[in-house]
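Novice: Next come a sequence and a model predicted from it.
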Amino acid sequence: MPEEIIHEMRISANQLTLLRILLLPFPLFLVYGGPWSRMAAILAYTILGITDYLDGLLARRDGPTKLGAMLDPIADKIFIAVTLVPLVELQIVPLWLAWLVFLREYLVTELRRFMTGLNRPLAVTELAKLKTTLQMIGMGLILLTDTFPDKIATGFCLAGALIATVFLAIAIHWKEGAISSRLKSALLFLGVGLGLLLWLNARGVILAYMAVIVGITMVSGAQYVRIGLPACFKKGPGAVTMLLSGICVPLLPLALMNHVQGITVWLLIFLLSSEFASQALEMWLHPDGHSLSVRIKNMVALSLILAAWFGAVRFGLPVDSVVWVGAVVSGGFTIWNLACCVRTGQCG
């Protein structure tokens, strides 16, 4: 049925992915409201998550494109930023657990870019695809459990999804004689999720779900790190410096999140999203390795961030300045890269 609907659609996968990126900030306003506002946010995030599945069907219908290969991971990672950061600000999820998720995302992206420059590209693994889906669903369940601590709403969603998945697995096995590894994984995680929900209190459920997300996120990055990190160290101090600067520019301001509030949190989300976009654009524009511009940008951004951090610790300057500096430099560079794409016709 979904394939038949997609066949009739006239929009492209890239258009749908771009629409998802543009709409992702809007549910942020709803997350900070009351229970029904949060439900609207969860519904909006669910719809946006479904578009990730739909643009995959569109890509298979029309064939993959280089632009789509760049836009899709950007959309997935920005989704993580706009859903996970509010959970930390609202003190639903501990900062250190969220920090680990972002560490994996930036580290793996930098390693993939490095290996692409060595003509040894790292293909996206099946576990990494599963990780993205689990992150999206898991963070929605965490917000739902915090909104309704009696766990009835979360239990209803998980039980309904598990029953539907079981019937789907039976139907597929009846027709094809076997079920896919993705479906098996879905049954496993839904069963574990429901079991944890019945066993733990609301706070325990939230921490357990986040622990599962972090665990799968870190395990899914292990293969990239195992291959890419030794190659990076073997390349020399210059490559290691680029790797460290690339992950420190977004992660150092993120480490201060518990000390900022208001518009600075929105700037932090912008910084994290901008860095994801910047990494993808840079890889697309310069597939042979890091360009001089990104080297300068990383050094300038990291130097200014460290200077702002030192000023906050030593002279009592506002901690917000660390986030502001990172957001301005990163955002400016992302806009520059986007302009380069348009000017060279690569965004066409």
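Specialist: Right, received. Where do you want to start? It should be emphasised that the depicted structure is a prediction, and the values quoted were computed from it without experimental measurement.
Novice: Give me the helices and strands touching the host helix or strand of Ser303, please.
Specialist: Ser303 is part of helix 292-314, with elements assigned from DSSP states H and E. Contacts defined by 3 or more C-beta pairs under 8 Å, 6 or more residues apart in numbering; DSSP states H and E place helix 292-314 against helix 237-254, helix 320-344. Glycine gets a C-beta too; all of them are placed from N, C-alpha and C.
Novice: in it, what counts as buried?
Specialist: 294, 297-298, 301-302, 304-305, 308-309, 312 (16 or more other C-beta atoms under 10 Å).
Novice: same question, stretch 213-229
Specialist: Buried positions in stretch 213-229, judged by neighbour count with 16+ other C-beta under 10 Å: 213-214, 216-217, 220-221, 224, 228.
Novice: where along the chain do the helices fall?
Specialist: Taking DSSP state H as the criterion, the chain carries its helices at 2-8, 13-23, 27-31, 35-62, 66-89, 95-117, 126-147, 152-176, 181-199, 202-235, 237-254, 263-285, 292-314, 320-344.
Novice: Export those helices as a markdown table, with columns for mean pLDDT.
Specialist: A markdown table is the format used below for those (pLDDT from 0 to 100):
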| stretch | mean pLDDT |
| --- | --- |
| helix 2-8 | 48 |
| helix 13-23 | 76 |
| helix 27-31 | 85 |
| helix 35-62 | 78 |
| helix 66-89 | 83 |
| helix 95-117 | 89 |
| helix 126-147 | 86 |
| helix 152-176 | 83 |
| helix 181-199 | 83 |
| helix 202-235 | 90 |
| helix 237-254 | 90 |
| helix 263-285 | 86 |
| helix 292-314 | 86 |
| helix 320-344 | 81 |
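Novice: Please name the nearest non-neighbouring residue to the spatially most central residue of the chain.
Specialist: Most central in the chain under C-alpha atoms, centre = their mean is Lys77, positioned 2.5 Å from the mean C-alpha point. In this structure, Lys77 finds its nearest non-sequential neighbour in Phe276, 4.1 Å apart by C-beta to C-beta, 6 or more residues apart in numbering.
Novice: now swap in Pro250 and tell me
Specialist: Glu275 (4.3 Å).
Novice: need the contact list for that neighbour.
Specialist: Residues in contact with Glu275, defined by C-beta atoms under 8 Å, 6 or more residues apart in numbering, are 106, 249-250, 330, 334.
Novice: switch the cut-off to 7 Å
Specialist: Shown in contact with Glu275 (C-beta atoms under 7 Å, 6 or more residues apart in numbering): 106, 249-250, 330.
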